[in-house]
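[1] next one to model:
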Amino acid sequence: MIKKQHLGFNFYNKKYFSQVFLKDKNIIKKIIFFLNPKKNDLLFEIGPGLGALTIPLFDFIDHLTVIDIDNDVLNFFKNKKIFSKINFYLMDVLNFNFLKFYFKNNKKKIRIFGNLPYNISTEFLIHIIKYNFIFKDAHFMFQKEVSNRILATHNTKFYGRLSILIQYFFKIKKLFDISKNSFFPIPKVSSTFLRFSPHKLFPELLFDINILSKITKIAFSKRRKILKNSLQKLFTEKDLIFLNIDSSLRPENLSIKKYYILTDYFIKKKINY
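    Reported below is the predicted structural model:
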């Protein structure tokens, strides 16, 4: 653990929380520019850390909801003048009920943002995607490799389950990369700042996130196998031909739209049986 005496607070970063703290003032200004916060926004920050982004945000807003699992982070903010303007949840964000929070705030759309710890980043995204309708937008920092997986299209090496699941619910835009030297302690890799905008319209298909998750999990667990073999427990070769899907393709060669079509077909098939 590394003591952060230079931050003016007796604080130790905890590796088991994957804690790294943003320190680059130019990057902080850039993030706030892209967030473009308004006073009437329902802003929700994940992992405020030592307030590098939280504190300057109060030049633009009057209230902010934050969540962090670390009691030391809460104690840090308790010593700040802005604490009276913060609605602080001390808990694991994976256990937070965003739907309940949305209704508690009179169904006002949530603007969520933060630097997601790498150990929960993909799990968290999958946790919230089915509630995409409660978010106005989302802005997150990810390790660069994770962001590449989120943004990936078929026929690329980063394409996989995460690309397919997230892109059904959100339009994703890469805003900028962030050097690893912008954080303390310095992580091993650089990061990317992404914007997520919920889709207003969806394909006219029967849909179940759990079925899509199941299909993609099976397909990509056998990434080097062709679809005829990797998906044989779910679809016959005749099924794939009927859906105009080349059974000799590998999972990464199949477009996102085709995975949605497989999901739709699987649900209909199950209903008919």
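[2] where exactly do the helices run in the stretch 151-273 of the chain?
    Using DSSP state H, counting those that start in this stretch, the helices of the stretch 151-273 of the chain run over residues 161-169, 209-221, 227-230, 237-242, 256-272.
[3] so which of those helices is the most packed in?
    Highest mean neighbour count among the helices of the stretch 151-273 of the chain (mean count of other Cβ atoms under 10 Å): helix 161-169, with a mean of 22. C-beta coordinates here come from the backbone N, C-alpha and C atoms, glycine included.
[4] on that earlier part again, now the helices of the stretch 151-273 of the chain in CSV, with mean pLDDT?
    Output for the helices of the stretch 151-273 of the chain, formatted as CSV (pLDDT from 0 to 100):
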stretch, mean pLDDT
helix 161-169, 92
helix 209-221, 92
helix 227-230, 94
helix 237-242, 94
helix 256-272, 87
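[5] can you put these in JSON lines and add distance to residue 117?
    Formatted as JSON lines, those follow (distance: least, Cβ to Cβ, whole Å):
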{"stretch": "helix 161-169", "distance to residue 117": "16"}
{"stretch": "helix 209-221", "distance to residue 117": "22"}
{"stretch": "helix 227-230", "distance to residue 117": "32"}
{"stretch": "helix 237-242", "distance to residue 117": "39"}
{"stretch": "helix 256-272", "distance to residue 117": "27"}
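[6] count of residues packed around residue 47?
    25 (other Cβ atoms under 10 Å).
[7] OK, contacts around it?
    67, 68, 93, 114, 115, 116, 117 (Cβ atoms under 8 Å, 6 or more residues apart in numbering).
[8] roughly how far apart are residue 103 and residue 110?
    Distance of residue 103 to residue 110, computed by Cβ to Cβ, to the nearest Å: 11 Å.
[9] any low-confidence regions in this structure?
    By pLDDT under 70, the weakly predicted segments of the chain are 1-19, 201-206, 271-273.
[10] repeat that with 50
    The chain contains residues with pLDDT under 50 at 1-8, 16-17.
[11] where along it do the strands fall?
    Here the chain has its strands, by DSSP state E, at 21-22, 42-46, 64-68, 86-90, 110-115, 135-143, 170-178, 183-184, 191-198.
[12] any chance of these in CSV, plus distance to residue 258?
    Output for these, formatted as CSV (distance: least, Cβ to Cβ, whole Å):
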stretch, distance to residue 258
strand 21-22, 39
strand 42-46, 33
strand 64-68, 37
strand 86-90, 40
strand 110-115, 30
strand 135-143, 26
strand 170-178, 19
strand 183-184, 38
strand 191-198, 22
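[13] so which of those is nearest residue 249?
    strand 170-178 (24.1 Å; Cβ to Cβ).
[14] redo the strands of the chain as CSV? Include mean neighbour count.
    Shown next, in CSV, are these (neighbours: other Cβ atoms under 10 Å):
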stretch, mean neighbour count
strand 21-22, 20
strand 42-46, 21
strand 64-68, 21
strand 86-90, 15
strand 110-115, 22
strand 135-143, 21
strand 170-178, 15
strand 183-184, 21
strand 191-198, 20
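[15] out of those strands, which gets nearest to residue 74?
    When those are compared by Cβ to Cβ, strand 86-90 sits nearest residue 74, at 5.2 Å.
[16] ok, residues contacting the closest one?
    54, 63, 64, 65, 66, 67, 68, 69, 71, 74, 77, 96.
[17] just those residues now: which is nearest residue 210?
    Top of the list for closeness to residue 210, among those and by Cβ to Cβ, is residue 96 at 20.5 Å.
[18] that closest one contacts residue 66, doesn't it?
    No - using Cβ atoms under 8 Å, residue 96 is not in contact with residue 66, being 11.3 Å away.
[19] residue 263: which of the strands of the chain is closest?
    strand 170-178 (17.1 Å).
[20] CA-only coordinates of that closest one in PDB, if you can.
    Provided in PDB are the C-alpha atoms of strand 170-178 (Å, rounded to 0.1, in the frame of the first residue of the first chain):
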ATOM      1  CA  PHE A 170     -26.000   1.800 -26.100                       C
ATOM      2  CA  LYS A 171     -24.400   3.900 -28.800                       C
ATOM      3  CA  ILE A 172     -20.800   4.200 -27.700                       C
ATOM      4  CA  LYS A 173     -18.400   7.000 -28.600                       C
ATOM      5  CA  LYS A 174     -14.700   7.100 -27.900                       C
ATOM      6  CA  LEU A 175     -13.800  10.600 -26.600                       C
ATOM      7  CA  PHE A 176     -10.100  10.400 -25.800                       C
ATOM      8  CA  ASP A 177      -7.300   8.300 -24.400                       C
ATOM      9  CA  ILE A 178      -5.700   9.000 -21.100                       C
END
